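Trainee: Pasting a predicted model and its sequence here:
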Amino acid sequence: MRPLLNDFLFIKAVLFLNLRKQVSSLGPFLLQFIFVIGNNGVLFLVWWIFFQKFKDIRGWTLSDISILYGAVTGAYGLVIIFAGGVFHLGRMILEGELDFYITQPKGILTRALCSSPSLSGFGDLFASFIFFKMSGGVGLSHLPVLGIALLIGALVLLCSVVIVQSLAFWVRSTEVLARQFLELTVLFSVYPKTLFVGSLQILLFSVIPSGFLGYLPADLIKDFSWEKLGIGIGAVCVYGVMAFVVFHMGLRKYESGSRFGMGV
């Protein structure tokens, strides 16, 4: 229990200090906040224009797209706020920055992930609730399900990015790969799932976890069922175990001092 308490206190302190530092620069924060909301709005505008001319796309309406956008932006925002370090994990590995965390108590991965929180995620969260409101089918009674759905999407996204970033233990540069993986995951997650069939849909619920970032959370919000919740929790467990195993396999290589000879 004590190691868990130490990790919690560390995470709380790091998040508080970093977020407080960013809030102190109110002007840049507000600009970033507005920019993030505007960026999400521009992307959604394309769909709004499309549905002004067409009633639906393979059964999906503008309301469905609104919920889907809300699920994706909300999950992404949570990751940025609480685990922004995941987007820098590959660089930390290559530049030896994990040394700082290795000298501390256990919880290296957790501490690294929480090292770079960003207030821009609040812009995504705000945009998320705007999308939910615009859908017309999500109200206050949905808040518990919303929280669960966004958490599932955020955890799957976080774990999958950890896996890709952890390849830096063996490959010298994963920055481009990690960026492309993230972009593909988010891109596919904001399209109606009925557009993807067969092997492509399987791909989006496995290698590229767009299905667990957008489709499943959106389905949970629209039509909650214990079966869908079970699938979501199962996905979090699978991706979580994979992320833990891959990272700690690489960490053993890192601690051995062989990281300097990686990927020629």
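Mentor: Alright, I've got the coordinates.
Trainee: part of a helix, is residue 207?
Mentor: No. Looking at residue 207 with DSSP: H, G, I helix; E, B strand; the rest coil, it is coil, so not inside a helix.
Trainee: Just give me the neighbour total for it.
Mentor: Residue 207 has 12 neighbours, counted by other CB atoms under 10 Å. To be clear about C-beta, it is placed using only N, CA and C from the backbone, and glycine gets the same treatment.
Trainee: I'd like the distance between it and residue 170.
Mentor: Taking CB to CB, to the nearest Å as the measure, residue 207 falls 18 Å from residue 170.
Trainee: Kindly report the same for residue 245.
Mentor: 14 Å.
Trainee: quick one, what contacts residue 40?
Mentor: Residue 40 makes contact with 69, 73, 123-124, 127, 131, according to CB atoms under 8 Å, 6 or more residues apart in numbering.
Trainee: can you do 7 Å?
Mentor: 73, 124, 127 (CB atoms under 7 Å, 6 or more residues apart in numbering).
Trainee: closest to residue 203 among those residues?
Mentor: Using CB to CB, residue 73 comes nearest to residue 203 of those, at 22.5 Å.
Trainee: State the distance from that closest one to residue 97.
Mentor: In terms of CB to CB, residue 73 sits 29 Å off from residue 97.
Trainee: more neighbours, those two?
Mentor: Using other CB under 10 Å, the more surrounded residue of residue 73 and residue 97 is residue 73, with 32 against 15.
Trainee: Hmm, that one is touching residue 126, no?
Mentor: No. With contact defined as CB atoms under 7 Å, residue 73 does not count as touching residue 126 (9.0 Å).
Trainee: Comparing residue 245 and residue 170, which residue is more hemmed in?
Mentor: Shown here are residue 245 and residue 170; by other CB under 10 Å, residue 170 has more neighbours (15 against 12).
Trainee: any idea how far the more buried one lies from residue 181?
Mentor: Distance of residue 170 to residue 181, computed by CB to CB: 16 Å.
Trainee: Ok, residue 75 next?
Mentor: 16 Å.
Trainee: Of these two, give the one with the bigger neighbour count.
Mentor: residue 75 (29 against 20).
Trainee: Are we agreed that that one is in a helix?
Mentor: Yes. The assignment for residue 75 (three-state DSSP) places it in a helix.
Trainee: got a list of what it touches?
Mentor: Contacts of residue 75 (CB under 7 Å, 6+ apart): 150, 153-154, 157, 213, 217.
Trainee: how about these in JSON lines, adding distance to residue 108 and neighbour count?
Mentor: Putting those into JSON lines (distance: CB to CB, whole Å; neighbours: other CB atoms under 10 Å) gives the following:
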{"residue": "150", "distance to residue 108": "26", "neighbour count": "24"}
{"residue": "153", "distance to residue 108": "25", "neighbour count": "33"}
{"residue": "154", "distance to residue 108": "21", "neighbour count": "25"}
{"residue": "157", "distance to residue 108": "20", "neighbour count": "27"}
{"residue": "213", "distance to residue 108": "25", "neighbour count": "30"}
{"residue": "217", "distance to residue 108": "29", "neighbour count": "31"}
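Trainee: Relative to residue 34, which of those residues is nearest.
Mentor: residue 150 (21.9 Å).
Trainee: So which bits of the strand or helix carrying that closest one are buried?
Mentor: Here residue 150 sits within helix 143-165, counting by DSSP states H and E. Going by neighbour count (16 or more other CB atoms under 10 Å), the buried part of helix 143-165 is 145-146, 148-165.
Trainee: Ok, stretch 102-109 next?
Mentor: 107-109.
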